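Engineer: coordinates only, sequence not included:
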Ligand code: BES
Ligand code: MN
Ligand code: ZN
């Protein structure tokens, strides 16, 4: 989709050519002397329009206005959060086949973050999945003009949001793909495709190299599948080599059957999304390609399937991880931590400023936090604070969870240095404690996105 930013007053919007003109109307709206102002003021006075975010009034072919359809959206005080709620109310209108060009005009001065929120939300609302539909209509909406009182003042916020949209859509596309259209090989290819952008490099490691690295935990998960594993290593170099990178690690289980500890059949299809963490790493790199910030970032994705098979790893098997720690695999369905632990060990070689892993790791996190906030676990308060602030700014919030050492008690094993599962209680936390024993001293954070990466259906 194409976004453009324009300085557009309400009086200019009157004659603006588009299929749908959307006006964001705040509390205490100040009418000017144009036809749209008069229309809004009249609708407010009659009580036909409310300014609460999410309230809307839809008009067809309004007299004296060029746009065919006009939508007035209340947006409260105009904060980023309120603008997001308002634009979400667009709903089906943004997917209608007859609407190819939309203009979204702020009938007020913009609060910081509001324009970015509008861009991200309209992209989100108009997204349609098409990858595996033979007769799918592609997304009709091809051009969105964002009109504000002073384009210069919000230009960089707008550019950032457009880059984020490119990244988010890349992540969404890969997370949505069925497992046979997003195999470890194809996920590796998707990462490699990003290296066509300046500043991005990609290395793909196959089974032989992963074996040579000694990633016994990752190999154990992959061994039950016909699909060869991939270990993706992405680099974005925007700063001097001497500047320590941030390493992002994304869980890339392209399908999670549970393995020999097989999952129930109902809703097992949803486990195609078990590479949502990997998809977010791909999306970050897609956005980096556009934003080109002066930082260094490494992206690591251990990608494989978790399948039951004659060769599959069995409950009770003990494997040796790359760190040298041995692991008793008591439950083959706790596979995410097994692929992640070797990637976290590998991360140390970059002498990172911080390591952040992103994973659809536990059903327990879904129980704890539902679908609104991701679980955040962090060994470092400053890193935790930065991630919480970033989540709030992006309306993709997280919630900090504890990491007391007592939570690791249950991971003790009689047959190995540690077990891959503890009891049911505090399952999201014990998973995080497992990962923590592979990170050493670097500032580390773990985002459990099991609840936030997927909406049923
Ligand atoms: N991919 C799942 C986590 C998951 C479960 C995400 C449900 C979203 C919804 C993960 O690999 C898993 O199976 N975890 C187990 C861990 C358990 C065996 C300790 C779980 O959460 O049930
Ligand atoms: Mn699992
Ligand atoms: Zn999983």
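Structural biologist: Nice, thanks for sending it over. Just so it is clear, the model here is predicted, and its values are computed rather than measured. Ligands and ions are numbered 1, 2, ... in the order given.

Engineer: Return the residues in contact with residue 364.
Structural biologist: 424, 426, 427, 428, 431 (CB atoms under 8 Å, 6 or more residues apart in numbering). No exception for glycine: its C-beta is placed from N, CA and C like everyone else's.

Engineer: Now do the strands in the stretch 251-400 of the chain.
Structural biologist: With DSSP state E, counting those that start in this stretch as the criterion, the stretch 251-400 of the chain has strands at 252-256, 296-306, 317-320, 326-329, 354-359, 374-378, 398-400.

Engineer: Please work out which of those is packed deepest.
Structural biologist: Greatest average neighbour count among these goes to strand 252-256 (a mean of 28), per mean count of other CB atoms under 10 Å.

Engineer: does any bit of that one sit next to ligand 2?
Structural biologist: Yes: legend: contact between strand 252-256 and ligand 2 by CB under 5 Å from the ion is shown at residue 256.

Engineer: For the protein, which residues are neighbours of ligand 2?
Structural biologist: 256, 333, 335.

Engineer: Next, count neighbours for residue 180.
Structural biologist: Counted with other CB atoms under 10 Å, the neighbours of residue 180 add up to 12.

Engineer: How confident was the prediction at it?
Structural biologist: Predicted confidence (pLDDT) for residue 180: 98.

Engineer: on that earlier part again, can you put the residues of the chain next to ligand 2 in JSON lines and add pLDDT and distance to ligand 1?
Structural biologist: Output for these, formatted as JSON lines (pLDDT from 0 to 100; distance: CB to the nearest ligand atom, whole Å):
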{"residue": "256", "pLDDT": "98", "distance to ligand 1": "5"}
{"residue": "333", "pLDDT": "98", "distance to ligand 1": "4"}
{"residue": "335", "pLDDT": "98", "distance to ligand 1": "5"}
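
Engineer: Not counting sequence-adjacent ones, nearest residue to residue 437?
Structural biologist: residue 418 (6.5 Å; CB to CB, 6 or more residues apart in numbering).

Engineer: Quick check: the most centrally placed residue in the chain vs residue 110, distance?
Structural biologist: Centroid-nearest residue in the chain, with CA atoms, centre = their mean: residue 280, separated by 4.8 Å. The gap separating residue 280 from residue 110 is 28 Å, by CB to CB, to the nearest Å.

Engineer: how close does residue 305 sit to ligand 1?
Structural biologist: To ligand 1, residue 305 is 12 Å away according to CB to the nearest ligand atom, to the nearest Å.

Engineer: so who does that residue touch?
Structural biologist: 179, 183, 184, 222, 224, 225, 227, 253, 254, 255, 256, 257.

Engineer: Mark which of the contacts of residue 364 are buried, thanks.
Structural biologist: 426, 427, 428, 431 (16 or more other CB atoms under 10 Å).

Engineer: leaving aside the residues next to it on the chain, what's closest to the first one?
Structural biologist: Counting by CB to CB, 6+ apart, residue 407 is the residue found nearest to residue 426 once chain neighbours are left out, at 5.9 Å.

Engineer: Ok, the third one next?
Structural biologist: Counting by CB to CB, 6+ apart, the nearest residue to residue 428 once its immediate chain neighbours are dropped is residue 365, at 3.9 Å.

Engineer: picking that back up, can you check which of the strands of the stretch 251-400 of the chain gets nearest to ligand 3?
Structural biologist: strand 252-256 (3.7 Å; CB to the ion).

Engineer: Tell me what angle that closest one forms with strand 354-359.
Structural biologist: 20 degrees (axes from the mean of the first three to the mean of the last three CA atoms, to 10 degrees).

Engineer: Would you give the sheet partners of strand 252-256, along with the direction of each?
Structural biologist: strand 296-306 (parallel) (DSSP bridges).

Engineer: circling back: can you list the contacts of residue 364 in JSON lines and add secondary structure, distance to residue 314 and pLDDT?
Structural biologist: Shown next, in JSON lines, are the contacts of residue 364 (DSSP: H, G, I helix; E, B strand; the rest coil; distance: CB to CB, whole Å; pLDDT from 0 to 100):
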{"residue": "424", "secondary structure": "coil", "distance to residue 314": "21", "pLDDT": "94"}
{"residue": "426", "secondary structure": "coil", "distance to residue 314": "26", "pLDDT": "98"}
{"residue": "427", "secondary structure": "helix", "distance to residue 314": "22", "pLDDT": "98"}
{"residue": "428", "secondary structure": "helix", "distance to residue 314": "25", "pLDDT": "98"}
{"residue": "431", "secondary structure": "helix", "distance to residue 314": "21", "pLDDT": "98"}
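
Engineer: which of the residues in whichever helix in the chain runs longest are buried?
Structural biologist: In the chain, with assignment by DSSP state H, the single longest helix is helix 151-176. Within helix 151-176, the residues scored as buried using 16+ other CB under 10 Å are 151, 154, 157-176.

Engineer: which stretches of the protein aren't confidently modelled?
Structural biologist: By pLDDT under 70, the chain contains no weakly predicted segment.

Engineer: Would you pull up the residue in the stretch 301-450 of the chain closest to ligand 3?
Structural biologist: For the stretch 301-450 of the chain, CB to the ion, closest residue to ligand 3: residue 336, 4.5 Å.

Engineer: can you count the residues close to that residue?
Structural biologist: 28.

Engineer: Surely it is in contact with residue 271?
Structural biologist: No: Residue 336 is beyond contact range of residue 271, at 11.0 Å (criterion: CB atoms under 8 Å).

Engineer: shared neighbours of those two, anything?
Structural biologist: With CB under 8 Å, 6+ apart as the test, residue 336 and residue 271 both reach 253, 256.

Engineer: quick check, nearest of the contacts of residue 364 to residue 20?
Structural biologist: For the contacts of residue 364, the residue nearest residue 20 by CB to CB is residue 428; the value is 42.4 Å.

Engineer: The closest one contacts residue 446, correct?
Structural biologist: No: Residue 428 lies out of contact with residue 446 (CB under 8 Å); the separation is 9.6 Å.

Engineer: List, one by one, the residues from this structure near ligand 3.
Structural biologist: 253, 256, 274, 336.

Engineer: related to what we said a few turns ago, helix, strand, or coil at the residue nearest to residue 426?
Structural biologist: helix (DSSP: H, G, I helix; E, B strand; the rest coil).

Engineer: ok now do it, which residues does it touch?
Structural biologist: Contacts for residue 407 were tallied using CB under 8 Å, 6+ apart; they are 422, 426, 429, 430, 433.

Engineer: Can I get the buried part of these as one PyMOL selection?
Structural biologist: Burial among those is assessed by 16+ other CB under 10 Å; the matching PyMOL selection reads:
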select buried, resi 422+426+429+430+433
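
Engineer: so can I have CSV of the contacts of residue 407 showing distance to residue 387 and secondary structure?
Structural biologist: Converted to CSV, those look like this (distance: CB to CB, whole Å; DSSP: H, G, I helix; E, B strand; the rest coil):
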residue, distance to residue 387, secondary structure
422, 25, coil
426, 21, coil
429, 17, helix
430, 21, helix
433, 19, helix
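
Engineer: who's residue 73 bridged to?
Structural biologist: Assigned bridge partners for residue 73, using DSSP bridges, are residue 24, residue 56.
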